[in-house]
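K.L.:
just to be clear, the model below is a prediction. Sequence and coordinates:
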Amino acid sequence: MEAFTTLRAVAAPLMRDNVNTDVIIRIEHLFSRRSPDELGGVCFESWRFLPDGTENPDFVFNQPPYRSAKILLAGHNFACGSSREGAVTALMGMGIRCVIASSFGDIFFNNCFQNGLLPVVLSSASIDQIVAQERKAPGQHPLEVDLYRQVVSMDDGAEFSFAIPALRRAAMLAGLDEIRQTLTREASIASFQTADKLRRPWIYGLTHPNLTNSSP
């Protein structure tokens, strides 16, 4: 997993509430496409393309200022609906590294931390302030998201604080998913297992050296 420390990038405003994971990535694509790039190519497919397969010019990510945006500004309850980690993978495949919303679907929020996509919760008023500046000059006001300081900064000097649980913040800064976090304690785990085999050998299919094979 790629570490997330600080990011300065253009933010694309997709100011819709209750954006569903089914809209982010359709379920059939999770069976036919595997790589992040492939999923990124069909992220937001029903909004991004017209029925004839051409780009929808009204969709924000098809507009020149936002084609390479790495930050997504969203409304309330972003990525609600069905559980699918592919929604995170698809967004990252499209180049998104941070989503800023007033709230998230719970499962999507948790999946973000396993893949290096930073979900930032700000108030609706704060997001509206960012969007208002962005729409005055599209693509000309990059945001800075600083996970060290837990602050989103506008280029006019305004700052908005956000909170990330300490363990998740540390893992994101180091680029560690839950499996790699566990592996950092491999020596402690091995030490525990060695001692536990002596205390409870039957758990491991062993016989305690101080016991005979006779029944009690």
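P.N.:
Good, I have the coordinates.
K.L.:
residue 111 reaches residue 87, doesn't it?
P.N.:
Yes. Taking Cβ atoms under 8 Å as the definition, residue 111 is a contact partner of residue 87 at 7.4 Å. Backbone N, C-alpha and C define where each C-beta goes, glycine included.
K.L.:
more crowded one of those two?
P.N.:
residue 87 (28 against 22; other Cβ atoms under 10 Å).
K.L.:
ok, and the helix or strand in this protein with the lowest average confidence?
P.N.:
None of the helices or strands of the chain scores lower by mean pLDDT, DSSP states H and E than helix 178-183, at a mean of 64.
K.L.:
quick check: closest non-adjacent residue to the residue nearest the centre of the chain.
P.N.:
Taking Cα atoms, centre = their mean, the centroid of the chain lies closest to residue 112, which sits 2.3 Å from it. Spatially, and ignoring its direct neighbours in sequence, residue 112 is nearest to residue 119 (4.5 Å; Cβ to Cβ, 6 or more residues apart in numbering).
K.L.:
got the domain ranges for this protein?
P.N.:
6-174, 185-216 (automatic domain parsing).
K.L.:
check these for me: which has the lowest mean pLDDT.
P.N.:
Sorting the domains of the chain by mean pLDDT places domain 185-216 lowest, at a mean of 71.
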